[in-house]
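Undergrad: can you look at this prediction? I've put the sequence above it.
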Amino acid sequence: MDLSGKIAIVTGGSRGIGRAISLALAEAGAKVIVNYNQSAEAAHEVAELTGGQAVQADVSTTEGCQALIDAAEALGGLDVVVNNAGITRDGLMPRMRDEDWTAVLETNLGGTFRMCRGASMLMMRKRKGSIINITSVSGVRGNAGQTNYSASKAAVAGMTRSLAKELARRNIRVNCLAPGFVETDMVTAMDPRVIDAAKKAIPMRRLARPEEIAAVVCFLASDLSSYVTGQEWVVDGGMSA
């Protein structure tokens, strides 16, 4: 896949899935803006590896999202945005605090909305672009203890489909990708019994590698997927099949 000359933003691009996506886009030739909120050292390491730049911004705020859009505009525009930044505040609904609900929705859904809004304005100037929103299998199947997270990711999927209809005539494609269990620090730190149970529920009997998620993102970012828009790609080893 050739992304030479493309300018890309990856929110939450310093660690885990975001890091793998940043590296893969750069390997395909894209100039990558690696967004981070707190992981400065990790972000600058990825920026050095990719030849891109690290930009600190909190995507739960309008100002943070605008800083990323401004960084892309300074480079000449925007071709690809990957909305990967997200947080969890897990807990059963009867005991979930308002602030845990609000924080997850504001970052995962609100941040994606603001980035899509800013990205679409830049992409409309070129009359071309690809927006890729990272959702989750939790938004597809639901998950006990994650009503806030599942709701945010399901809402992003709905927003993706609607935005795809709005932007299709401008040659801007909008898709989302729902990973299952992926070998990241967050997942591997879980109770081994939970991971074993997850593997048993996955027909392929293993977790995904971050690079496998990144490969699908690169496809959606490239012209190989030029007729694909408004879709949610579930990459979970068959767990939700």
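TA: Structure's in. What do you need?
Undergrad: what's across from the closest residue to V80 other than its chain neighbours in the sheet?
TA: For V80, the nearest residue in space outside its immediate sequence neighbours is A8; the separation is 3.9 Å by Cβ to Cβ, 6 or more residues apart in numbering. Placement of C-beta: from N, CA and C, glycine included. Beta-bridge partners recorded for A8 (DSSP bridges): V32, V80.
Undergrad: numbering from 54 from now on, please.
TA: Understood, numbering begins at 54; the last thing we discussed is A61.
Undergrad: off-centre distance for the top strand by length along the chain?
TA: Across the chain, the strand with the greatest residue count (assigned by DSSP state E) is strand 225-232. Mean-position distance between strand 225-232 and its chain equals 9 Å (Cα atoms, centre = their mean, to the nearest Å).
Undergrad: ok, back up a step: tell me the pLDDT at the residue nearest to V133?
TA: What the model reports for A61 is a pLDDT of 98.
Undergrad: re earlier: show me what the longest strand of the chain is packed against.
TA: With contacts defined as 3 or more Cβ pairs under 8 Å, 6 or more residues apart in numbering; DSSP states H and E, the secondary structure elements packing on strand 225-232 are helix 164-179, strand 182-187, helix 190-194, helix 200-220, helix 263-274, strand 285-288.
Undergrad: please identify the helix or strand for the closest residue to A110 other than its chain neighbours.
TA: If you skip the residues right next to it in sequence, A110 has G117 as its closest partner in space, 3.8 Å away by Cβ to Cβ, 6+ apart. Element membership of G117, judged by DSSP states H and E, is helix 115-128.
Undergrad: what are the buried residues along that helix?
TA: 117-118, 120-122, 124-125 (16 or more other Cβ atoms under 10 Å).
Undergrad: so who does the residue nearest to E264 when sequence neighbours are not counted touch?
TA: Leaving out its chain neighbours, the residue that sits closest to E264 by Cβ to Cβ, 6+ apart is A73, at 5.2 Å. Contact analysis of A73 by Cβ atoms under 8 Å, 6 or more residues apart in numbering lists 262-264, 266-267.
Undergrad: will you turn these into a markdown table that also has neighbour count and distance to N196?
TA: As requested, the contacts of A73 are exported to a markdown table (neighbours: other Cβ atoms under 10 Å; distance: Cβ to Cβ, whole Å):
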| residue | neighbour count | distance to N196 |
| --- | --- | --- |
| R262 | 13 | 21 |
| P263 | 21 | 20 |
| E264 | 14 | 24 |
| I266 | 25 | 18 |
| A267 | 24 | 23 |
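Undergrad: looking at those, which one is closest to A294?
TA: For the contacts of A73, the closest approach to A294 (Cβ to Cβ) belongs to I266, at 17.3 Å.
Undergrad: look up how far L162 lies from that closest one.
TA: 20 Å (Cβ to Cβ, to the nearest Å).
Undergrad: just to revisit the earlier point, identify, from the buried residues of helix 115-128, the entry nearest to G82.
TA: Relative to G82, the closest of these is A125; by Cβ to Cβ it sits at 16.2 Å.
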